[in-house]
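**Student:** Provided below are the primary sequence and the corresponding predicted coordinates.
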Amino acid sequence: MSLVERHHRAMVRLAGAYVPSAVAEEVAQEAWIGVVKGLHKFEGRSSLKAWIFRILINCAQFRGLREARAVPFSALECDAQDRAVPEERFLDAEHPRWPRHWAKYPEPWSDQRLISNETLAMVANAMEALPLTQREVMRLRDVEGWTSAEVCEALEISEANQRVLLHRARSKVRRAIEPYMSGGEAP
Amino acid sequence: MSNEASMDITCQELVELVTDYLEGALSHEDRTRFEQHLVMCGGCKEYLREMRKTIAISRKLSDEDLPANVRDDLLALFRKWKAGSLR
Amino acid sequence: MSAMICWRSSESGKQARYGEGMIALKFLARGAVGPFTGFVWPSPAGSTAGAWVESPPERFPERGIHACLVEHLPYWTDDELWEVELSDEKILRSAMQIVASRGRLVERVAAWTPRLAQEFGQACALKARDRAVELMKQGTRLAEAEQLFACRSIAELEKVARPMSAQSKTDSLSNIAGYVADAATFARISDVATASYIAAELARVTSGSMQGFLLERSWQGRWIADRLRLAHGSPHVSV
């Protein structure tokens, strides 16, 4: 049953955003029951994937309230680190010829480290450290390979919001692995 | 002496536009300016490469394995439903 | 394949040998690779052109096949220069390029070598130097004008101009020396796209308008055309 296999892991992870991880497995299974029961009602107006996830999110949110760990779902969470690249990496606005250009070009990344397990782990850690909705968007788009339309539908956010979240997430992850990828020591 | 501004975008602007570029969300004019900047800025060319590599690495995090017992339970669920015993 | 209507005007391309579209030019990175996407263009084999590459018509021109007429070349310099056949009912022309939805590589322009590219970069930096010399003479900075004028190599130009630029952040002639030094730096490392851009930028700031920028780019385009023995205004004439 490849449908189940394909989505279950992702569903458990997503549920973990709303409920304690010990409970996330249960929530995912509850969602599958909802899927199974409701499949005959699925009208095909949205993608099946997005529909399945909407059921999951409903289960998780409901459960989340009961478990008293309601996570606010704010689509445009801001934090202090919103710049893709820290300001000091660029020449200042008063530079006579090249304001806001790179003060120093980014160092090229090592091809060897690209394929290493350390890098994979660093990316995973960087994603875990992201604010909730940024993490969700990047996980669904880049890890799970969903289209932007599917993500917007499942999370009920606009195309523009989705892009902002994706942008912040990817920028932070790139920054997190940059020192290592350009030849620094592994943390 | 008036100084008509350059049409170039800055590197700081480019790094904020990278996602829009990769998503194909830039207008034709903006895409042209973005790519024109890349041509004459090795730093931004490298940055775009790094962003693509970051995404490529993330892809590898996808893990589609299902613990055997969970899968069996769910399959049993499906069969029950198909057999009509779930309402 | 049905014949397509070609875009014809005095500035359009000649009728392709292959009877369909117009011939234009395209810069690619080493290995016939798209410089922004990493897309590997199918190469010609013998006398057979490379396979057609199409971009989705509903996304035109945001996603399209970009190409150059001669005057666009200085904006997009890269490792390899190719003749590309564009087959399309409409070809969009914008300030820096033309865009079609279908194209294929026809032939490599062998005359665009790394050596020629490097010469181009140097020519751009030297033109920036000449511009600076003129302005310094007018500004009675004769000694510095002499020093710049006397430089016989790009490396020397860089060494001489760099300290001049550090003299004062507010002095415009120092800044002009800065542009010259920057252009020379990038010419020296054969980053010709950046060197040519810097030279055009210097023209813009000293003239006070985009017209200066565009005129410099025109000069650069003519330089390339002359060296590649292209007739200005048409994409390619066989050598």
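**Tutor:** Okay, I see it. Keep in mind it's a predicted model, so treat the numbers as computed, not measured. Numbers count the residues shown, from 1 in each chain, chains lettered A, B, ... in the order given.
**Student:** what about the longest helix seen in chain B, average pLDDT?
**Tutor:** Longest helix of chain B, by residue count under DSSP state H: helix B:42-59. For helix B:42-59, mean pLDDT is 95.
**Student:** And that helix, what's buried?
**Tutor:** B:42-48, B:50-51, B:53-55, B:57-58 (16 or more other Cβ atoms under 10 Å in any protein chain shown). Heads up, the C-betas are built off the backbone N, CA and C, glycines and all.
**Student:** who's in contact with residue C:220?
**Tutor:** C:74, C:120, C:124, C:196, C:199-200 (Cβ atoms under 8 Å, 6 or more residues apart in numbering or on different chains).
**Student:** and residue B:11, how many neighbours does it have?
**Tutor:** Residues within reach of residue B:11, counting by other Cβ atoms under 10 Å in any protein chain shown, total 24.
**Student:** And for residue A:146?
**Tutor:** 21.
**Student:** Next one, pLDDT for residue A:126 please.
**Tutor:** 92.
**Student:** so what's it closest to, chain neighbours aside?
**Tutor:** residue A:176 (3.7 Å; Cβ to Cβ, 6 or more residues apart in numbering or on different chains).
**Student:** tell me the phi and psi of residue C:100?
**Tutor:** The phi/psi pair for residue C:100 (degrees, to the nearest 10) reads phi -130, psi 180.
**Student:** Low-confidence bits of chain B, can you list those?
**Tutor:** B:1-3, B:63-87 (pLDDT under 70).
**Student:** residues from it in reach of chain C?
**Tutor:** B:1-4, B:6-7, B:24, B:26-29, B:31-32, B:35-36, B:38-42, B:45, B:48, B:52 (Cβ under 8 Å from any Cβ of the partner chain).
**Student:** Can you select the buried ones among the residues you listed for me in PyMOL?
**Tutor:** Per 16+ other Cβ under 10 Å, the buried members of the residues of chain B next to chain C correspond to this PyMOL selection:
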select buried, chain B and resi 26+28+31+32+35+36+38+39+40+41+42+45+48
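**Student:** ok, and which of the residues of chain B next to chain C reach chain A?
**Tutor:** Checking the residues of chain B next to chain C against chain A (Cβ under 8 Å from any Cβ), the matches are B:41-42.
**Student:** Just the ones of the residues of chain B next to chain C in helices?
**Tutor:** Short answer: the residues of chain B next to chain C in helices (DSSP H) are B:28-29, B:31-32, B:35-36, B:38-39, B:42, B:45, B:48, B:52.
**Student:** State the pair within those residues that is farthest apart.
**Tutor:** B:28 and B:42 (24.7 Å; Cβ to Cβ).
**Student:** So what's the residue count around residue C:188?
**Tutor:** For residue C:188, the tally of surrounding residues (other Cβ under 10 Å) stands at 18.
**Student:** same thing with residue C:218?
**Tutor:** With other Cβ under 10 Å as criterion, residue C:218 counts 14.
**Student:** Next one: the spatially closest residue to it that is not a sequence neighbour from chain B, what distance?
**Tutor:** Distance criterion Cβ to Cβ, 6+ apart; nearest residue to residue C:218, sequence neighbours excluded, is residue C:71 at 6.7 Å. As for residue C:71, its distance to chain B is 15 Å (criterion: Cβ to the nearest Cβ, to the nearest Å).
**Student:** Quick check on residue C:71: phi, psi?
**Tutor:** When read as degrees, to the nearest 10, the backbone of residue C:71 gives phi -70, psi -10.
**Student:** Next one, pLDDT for it please.
**Tutor:** 92.
**Student:** do the same with residue C:8
**Tutor:** 32.
**Student:** coming back round to it: among the contacts of residue C:220, which are in strands?
**Tutor:** When DSSP state E is applied, those are split such that none fall in strands.
**Student:** Among those, pick out the one closest to chain B, please.
**Tutor:** residue C:196 (7.6 Å; Cβ to the nearest Cβ).
**Student:** Quick check, central residue of chain C?
**Tutor:** Geometric centre of chain C, nearest residue: residue C:74, 1.3 Å, by Cα atoms, centre = their mean.
**Student:** Next up, the contacts around residue C:74.
**Tutor:** C:196, C:200, C:217, C:220-221, C:223-224.
**Student:** Please enumerate the helices of chain C.
**Tutor:** So, for chain C - with DSSP H - the helices run C:114-138, C:142-150, C:154-165, C:172-188, C:192-207, C:210-228.
**Student:** mind checking which of those helices is nearest residue A:61?
**Tutor:** Closest approach to residue A:61 among the helices of chain C (Cβ to Cβ): helix C:192-207, 51.8 Å.
**Student:** what's the offset of the closest one from the middle of its chain?
**Tutor:** The chain centre lies 12 Å from the centre of helix C:192-207; the measure is Cα atoms, centre = their mean, to the nearest Å.
**Student:** now swap in stretch C:189-208 and tell me
**Tutor:** Worked out by Cα atoms, centre = their mean, stretch C:189-208 lies 11 Å from the chain centre.
**Student:** Roughly how far does the residue nearest to residue C:218 sit from residue B:30?
**Tutor:** Using Cβ to Cβ, to the nearest Å, we find residue C:71 at a distance of 22 Å from residue B:30.
**Student:** Which one's more surrounded, these two?
**Tutor:** residue C:71 (20 against 15).
**Student:** What separation is there between that one and residue C:145?
**Tutor:** 32 Å.
**Student:** can you check residue C:179 too?
**Tutor:** Applying Cβ to Cβ to residue C:179 and residue C:145 gives a distance of 15 Å.
**Student:** ok, those two, which is more surrounded?
**Tutor:** Just comparing residue C:179 and residue C:145: by other Cβ under 10 Å the higher neighbour count belongs to residue C:179, 26 against 19.
**Student:** dump the residue contacts of the nearest residue to the more buried one once chain neighbours are set aside.
**Tutor:** Among residues not flanking residue C:179 along the chain, residue C:202 sits closest, at 4.1 Å (Cβ to Cβ, 6+ apart). The contact partners of residue C:202, taken as Cβ under 8 Å, 6+ apart, are C:128, C:131-132, C:176, C:179-180, C:183, C:216.
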